[in-house]
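Student: can't give you the sequence, but here's the structure:
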């Protein structure tokens, strides 16, 4: 694909777009995906904190050390996704084959689906007994309704 100039959100824009490489490929999207994933995994207390952390990540490739130690698997894949070199970034297929993306059989996802099922019962039938059942069972569930 031919480069068309500066387009996109600064923190998510791959280096090769900023440097106006004549040819770019799908790896620019993988870089952007890394930026989005990082923001989803890392909480920010203030707008300024977000700016400082994302600037360090964008300009220096530096992740917060406390975040890296807390989330080593996420950190490893994000470092690859946000590599300065497109050749070092995984393809979408490689990312999907990685063990990091959650699988539907994961316990947390199953619990979330169970909560959705219970909520559906309440709205579908509107029965008081379903509300009472949901409240009683939700006490043991990490997702409070």
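Tutor: Noted; the coordinates are in hand. Given the structure is predicted, the values throughout are model-derived calculations rather than measurements. Numbering: from 1, shown residues only.
Student: contacting residues around the spatially most central residue of the chain?
Tutor: Note on the chain: the residue nearest the mean C-alpha position is residue 37, at 2.7 Å, using CA atoms, centre = their mean. By CB atoms under 8 Å, 6 or more residues apart in numbering, the contact set of residue 37 is 74, 77-78, 81. Bear in mind the C-beta positions are built from the backbone N, C-alpha and C, glycine included.
Student: Now do whichever strand or helix holds it: distance to the chain's middle.
Tutor: Assessed by DSSP states H and E, residue 37 sits inside helix 27-41. Using CA atoms, centre = their mean, to the nearest Å, the mean C-alpha position of helix 27-41 is found 7 Å from that of the whole chain.
Student: and it, average pLDDT?
Tutor: Averaging pLDDT along helix 27-41 yields 90.
Student: So which bits of it are buried?
Tutor: For helix 27-41, a neighbour-count test (16 or more other CB atoms under 10 Å) marks 27-28, 30-35, 37-39 as buried.
Student: Throw those residues into JSON lines and include distance to residue 91, thanks.
Tutor: As requested, these are exported to JSON lines (distance: CB to CB, whole Å):
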{"residue": "27", "distance to residue 91": "8"}
{"residue": "28", "distance to residue 91": "12"}
{"residue": "30", "distance to residue 91": "7"}
{"residue": "31", "distance to residue 91": "12"}
{"residue": "32", "distance to residue 91": "14"}
{"residue": "33", "distance to residue 91": "11"}
{"residue": "34", "distance to residue 91": "13"}
{"residue": "35", "distance to residue 91": "17"}
{"residue": "37", "distance to residue 91": "15"}
{"residue": "38", "distance to residue 91": "19"}
{"residue": "39", "distance to residue 91": "22"}
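Student: now for those, which pair is the farthest apart?
Tutor: Comparing every pair within the buried residues of helix 27-41 by CB to CB identifies 27 and 39 as the most remote, at 19.5 Å.
Student: Who are the contact partners of residue 78?
Tutor: By CB under 8 Å, 6+ apart, the neighbours of residue 78 are 34, 37-38, 41, 63.
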